[in-house]
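>>> My questions concern the predicted model and sequence given below.
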Amino acid sequence: MIINTNIGSNTAARILNDSSQALQKSLQRLSTGKKNTSLQDDTAGAVVGNKFTAELGRLSASKSNVANLMSYTETQSGYLEQISGALNRMSELAMLATDATKSSSDLVAYSDEFLALKDFIDDMGSKEFNGKSVFGAGADKAYLGIQSDGTAIEWTSTAIAIGSITADVAAAATHGLTTNAATAALALDDIQAAIDDLGATVSDVGSNLSRLESERSSLAILQDNMSAARSRIVDVDVAEESANFAKQQILVQSGTAMLAQANILPQSALRLIS
């Protein structure tokens, strides 16, 4: 029995300190929802988690790019629908103009509407989306995503232009509707050719939209899987950590009680010298 050095108290104090630190660490994890609250917890895990976080940010930006491209392509589709309506009406007017019973004033009325629709279709060629031509002459390379190795997912979209359509419409206007039934029939042939060209263009737009939708779904799946992988590294398991928190609480409480007991033990030496 000694009084200068209370070995039991020192040991109990050390163990209590360790339990208190573990309790504080568990409390930080539960309050932040993070498995690693400092680099010393898991340095390698923190590094990998940061890489996943950065890649998730790039994937989010890629999804935004795809959404913008889809809006751009849907804008093309909307304008093409308007062109389709104009061409359909122009074909009706050309067909009406082939009727030999129509008067010259009737043909002039048909021609005025016909030429107004031509101007409308010509105007479609100058439409823009956020400063970018809706019906450009060439295809654009679109970088839609980032793969897990950091390389870009590159796709060259099908060029969407209406030059052939406007050329057919211009040829139809040259023939006109006011001369005779024969020239009106030639104008009708040109409009039918424009309708055929429109069908091919609409098909290209549909293909682009289909590809963009596939890319959007692919990026969403990749983002979900990567989020799950990152979560396993950086997110705390609340159920498991709650159990650990309760354990550390009990250890702190019992350690505090034992430290108190250890501090009392040297007092028994007084009985030997009293």
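It's in. For clarity, every value in this text was computed on a predicted model and none was experimentally measured. Numbering: from 1, shown residues only.

>>> What count of nearby residues applies to residue 53?
Counted by other CB atoms under 10 Å, the residues lying close to residue 53 total 14. Bear in mind the C-beta positions are built from the backbone N, C-alpha and C, glycine included.

>>> Show me where the stretch 1-150 of the chain has its helices.
7-32, 43-97, 104-124 (DSSP state H, counting those that start in this stretch).

>>> now these in CSV, with mean pLDDT and distance to residue 220?
As requested, these are arranged in CSV below (pLDDT from 0 to 100; distance: least, CB to CB, whole Å):
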stretch, mean pLDDT, distance to residue 220
helix 7-32, 85, 28
helix 43-97, 88, 7
helix 104-124, 93, 33
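
>>> tell me the domain ranges of this protein?
In terms of domains, the chain is parsed into 43-234, 238-274 (source: automatic domain parsing).

>>> quick one, which of those domains is packed in tightest?
domain 43-234 (a mean of 16; mean count of other CB atoms under 10 Å).

>>> So what would you say the end-to-end distance of that domain is?
From the first residue to the last, domain 43-234 extends over 11 Å; the measure is CA to CA, to the nearest Å.

>>> how far out from the middle of the chain is that domain?
21 Å (CA atoms, centre = their mean, to the nearest Å).

>>> Show the backbone phi and psi for residue 235.
phi -90, psi 140 (degrees, to the nearest 10).

>>> Ok, residue 162 next?
According to degrees, to the nearest 10, residue 162 has phi -120, psi 20.

>>> on that earlier part again, out of the domains of the chain, flag the one nearest residue 23.
Proximity to residue 23, assessed across those by CB to CB, is greatest for domain 238-274 (3.9 Å).

>>> just to revisit the earlier point, quick check: which of the helices of the stretch 1-150 of the chain is nearest to residue 199?
helix 43-97 (8.9 Å).

>>> quick one: the nearest residue in space to residue 177 that is not next to it in sequence and residue 7, what's the gap?
Distances taken as CB to CB, 6 or more residues apart in numbering place residue 97 nearest to residue 177, at 3.9 Å, with adjacent residues excluded. Using CB to CB, to the nearest Å, residue 97 is found at 114 Å from residue 7.

>>> same deal with residue 105?
In terms of CB to CB, residue 105 sits 120 Å off from residue 7.
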